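>>> fold the following.
(one chain, ligands or ions: 1)
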Amino acid sequence: MNAIDIINKTKKSIQLTDDEIRWLVDSYTDGEIPDYQMSAWLMAVRLNGLTEQETLSLTYAMRDSGDIMRLNVGLTADKHSTGGVGDKTSFIIGPIAASCGVCVAKMSGRGLGHTGGTIDKLESINGFRTQLSVEEFEDILRKTGFAIISQSEDLCPADKKMYDLRNATGTVDSIPLIAASIMSKKLAVNADCLVLDVKYGSGAFMKTKKDAEKLAALMEKIGKGAEKRCKAEVTDMDSPLGMNIGNALEIAEAIEVLQGKCKGRLYDTSIELAADILELAGKGDNQQCRKLAEESVASGKALDVLRRTIMLQGGDPAVCDDVSLLPQARCSYEVRAMQDMKILRIDSEEIGMTSLLLGAGRLKKDDHVDATAGIVMHIQPGDTVSTGDKLMTLYSTLCSDFSDAAVRALNAIDFESVNCHKPLT
Ligand code: URA
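Numbering: from 1, shown residues only. I've put the predicted structure just below:
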């Protein structure tokens, strides 16, 4: 076999065999195929796509490029979101499912670009450790049912190498490549039940609902093909999920949801995904599982799981009772309405980029992240505000000049002018 024949076949949309795909992935991972040939193949895939059979072969070849986890803790579940702005559902869903008797074992990464990373968010809790041995991971799972560790270098090395190359060659936005990349890692983590939250909208990889549905269907097929209990949901990321964006700010909001203080879209999405996990794990039909999830929040059982997990992973569990113990920004700035307006839409990607400018995210892989930086939104689409009302508060410790970030934040808001004079008091 040789790389040129394989590139030419994909260029002409001729289906590759399982052996050819496996040879390509293995040879690239071992350094026998250079980046320029793999880039050419990835671009051919980006332009011509892959068949379902080829996507399945690619997923398995990438999964088998490294270790496959075999946790000894009984039935396990995993939840994956394709990424979005303000998405902190993992810190809500994991504890809910665990409190209902389903072990949620999550392996997560750091953030790059406008979406935040689960590990960065957790590390905003003083002392929280995400680099655990498999034995420690299993021990916490047995004690609380919920634990999160950072991505191991030994899992899916092929994906790591190919994803870096895709980022540098404009080949990220390909449905089969995204499906194979995500599913190879999920299959390597090897949980029994898998819930996939495929986002669409301005802050997501998939800009349209139709593309998100295609990706969701493909990933669900791969999961089921690998004999996992698997369900993919398609959810809206056109505006940020919840009111807080940024590392410590998102942990605070997730805790407030588990304290029963926040309802709305973030709560509803979390309950829906938690119910999916419980249903896959055989805890009842979707209606019954939704009820279980709601009761777990209302009774404080889910918050108790999070408190114990934080303690066992080295963090300060008192944050679960007092979110002001999370790191606080040194500087803040209020963005106010310059006219009476009705909020039509809040562009997630722009809000994510504003949060990144404030220090909450990374433009390059080794950039330092400010745990305190981010945005608290005071508005949602559909709200009407008067001149001078607060729209958002921007927070940062690293950045004291908020002018660029404030302009960008204002540009993220689509509105129409209205007349809403407040009565004089
Ligand atoms: N997340 C991944 O892990 N891989 C992709 O290709 C896109 C998003």
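>>> just the element for the one residue in the stretch 101-250 of the chain that gets nearest to the ligand, please.
Of all residues in the stretch 101-250 of the chain, residue 181 sits closest to the ligand, at 3.4 Å by CB to the nearest ligand atom. C-beta: built from backbone N, CA, C; applies to glycine. Assigned by DSSP states H and E, residue 181 falls within helix 175-189.
>>> show me what whichever helix or strand comes after that helix is packed up against.
As assigned by DSSP H and E, the chain's next helix or strand after helix 175-189 is strand 193-200. The contact analysis (3 or more CB pairs under 8 Å, 6 or more residues apart in numbering; DSSP states H and E) places strand 193-200 against strand 76-81, helix 175-189, helix 209-225, strand 229-236, helix 265-280.
>>> run through who's touching the last one.
So that's helix 265-280. 77, 79, 86, 88-89, 92-93, 96-97, 100, 102, 104, 193-195, 197, 229-231, 233, 235, 241-243, 253, 257, 284-286, 289-290, 292-294, 296-297 (CB atoms under 8 Å, 6 or more residues apart in numbering).
>>> ok, 6 Å please
77, 89, 92-93, 96-97, 100, 102, 193, 195, 197, 229, 231, 235, 241-242, 257, 286, 289-290, 292-293 (CB atoms under 6 Å, 6 or more residues apart in numbering).
>>> gap between it and the chain center?
In terms of CA atoms, centre = their mean, to the nearest Å, the centre of helix 265-280 is found 15 Å from the chain centre.
>>> so after it, what's the next helix or strand?
Following helix 265-280 toward the C-terminus (DSSP H and E): helix 286-298.
>>> buried residues in that following helix, which are they?
Within helix 286-298, the residues that qualify as buried by neighbour count (16 or more other CB atoms under 10 Å) are 289, 290, 292, 293, 294, 296, 297.
>>> contact partners for residue 346?
With contact set as CB under 6 Å, 6+ apart, residue 346 has these partners: 239, 412, 413.
>>> in the sheet, who's paired with it?
Per DSSP bridges, residues listed as beta-bridge partners of residue 346: residue 413.
>>> what of residue 393?
According to DSSP bridges, beta-bridge pairing links residue 393 with residue 334, residue 376.
>>> list the contacts for it?
If you count contacts by CB under 6 Å, 6+ apart, residue 393 has them with 332, 334, 376.
>>> can you tell me which of these is nearest residue 351?
Proximity of those to residue 351 (CB to CB) peaks at residue 376, which lies at 11.2 Å.
>>> how many neighbours does the closest residue to residue 81 other than its chain neighbours have?
Leaving aside its sequence neighbours, residue 81 sits nearest to residue 197 (CB to CB, 6 or more residues apart in numbering; 4.2 Å). Residue 197 has 25 neighbours, counted by other CB atoms under 10 Å.
>>> same deal with the one 4 residues further on?
Other residues lying near residue 201 total 22 when counted by other CB under 10 Å.
>>> repeat for residue 210
11.
>>> do residue 126 as well
Look at residue 126: counted by other CB under 10 Å, it has 16 neighbours.
>>> tell me the contacts of it?
Listed by CB under 6 Å, 6+ apart, the contact set of residue 126 reads residue 316.
>>> again, only using 8 Å
If you count contacts by CB under 8 Å, 6+ apart, then residue 126 has 315, 316, 319, 325, 327 around it.
>>> my guess is it is in a helix, correct?
No: note on residue 126: no helix contains this position according to DSSP: H, G, I helix; E, B strand; the rest coil, which reports coil.
>>> list the buried ones in stretch 243-258?
Neighbour-count burial for stretch 243-258, counted by 16+ other CB under 10 Å, picks out 243-258.
>>> narrow those residues to those in helices?
Of the positions in those, 247, 248, 249, 250, 251, 252, 253, 254, 255, 256, 257, 258 sit in helices, assigned by DSSP state H.
>>> would you turn those into TSV with distance to residue 203 and pLDDT?
Formatted as TSV, those follow (distance: CB to CB, whole Å; pLDDT from 0 to 100):
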residue	distance to residue 203	pLDDT
247	16	95
248	20	97
249	16	97
250	14	97
251	19	98
252	20	98
253	16	98
254	18	98
255	23	98
256	21	98
257	19	98
258	24	98
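>>> and those residues as JSON lines, adding distance to the ligand?
Shown next, in JSON lines, are those (distance: CB to the nearest ligand atom, whole Å):
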{"residue": "247", "distance to the ligand": "19"}
{"residue": "248", "distance to the ligand": "24"}
{"residue": "249", "distance to the ligand": "23"}
{"residue": "250", "distance to the ligand": "19"}
{"residue": "251", "distance to the ligand": "22"}
{"residue": "252", "distance to the ligand": "26"}
{"residue": "253", "distance to the ligand": "23"}
{"residue": "254", "distance to the ligand": "21"}
{"residue": "255", "distance to the ligand": "26"}
{"residue": "256", "distance to the ligand": "28"}
{"residue": "257", "distance to the ligand": "25"}
{"residue": "258", "distance to the ligand": "26"}
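>>> show me the shaky parts of the stretch 101-250 of the chain.
For the stretch 101-250 of the chain, the stretches flagged by pLDDT under 70 are 111-115.
>>> what does it have sitting close to the ligand?
Residues of the stretch 101-250 of the chain lying close to the ligand by CB under 6 Å from any ligand atom are 163, 172, 177, 178, 181, 182, 205.
>>> and residue 332, how many neighbours?
Counted with other CB under 10 Å, the neighbours of residue 332 add up to 13.
>>> ok, now residue 330?
Residue 330 has 13 neighbours, counted by other CB under 10 Å.
>>> check the gap between the closest residue in space to it that isn't next to it in sequence and residue 363 for me.
Counting by CB to CB, 6+ apart, residue 397 is the residue found nearest to residue 330 once chain neighbours are left out, at 4.6 Å. Distance, residue 397 to residue 363, by CB to CB, to the nearest Å: 18 Å.
>>> swap in residue 390?
When distance is defined by CB to CB, residue 390 is 28 Å away from residue 363.
>>> those two: which has the busier surroundings?
For the pair residue 390 and residue 363, the greater number of neighbours falls to residue 390 (14 against 11), based on other CB under 10 Å.
>>> reformat the helices and strands packed on strand 193-200 as TSV; add distance to residue 53.
Rendered in TSV, the data for the helices and strands packed on strand 193-200 read as follows (distance: least, CB to CB, whole Å):
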stretch	distance to residue 53
strand 76-81	23
helix 175-189	11
helix 209-225	10
strand 229-236	18
helix 265-280	25
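>>> wait, doesn't residue 325 sit right on residue 318?
Yes: using CB atoms under 8 Å, residue 325 is in contact with residue 318, at 5.5 Å.
>>> between these two, who's got more neighbours?
Set residue 325 next to residue 318 and count neighbours by other CB under 10 Å: residue 325 wins out with 16 against 13.
>>> which one is that one nearest to, not counting chain neighbours?
Of all residues not flanking residue 325 in the chain, residue 319 sits nearest, at 4.9 Å (CB to CB, 6+ apart).
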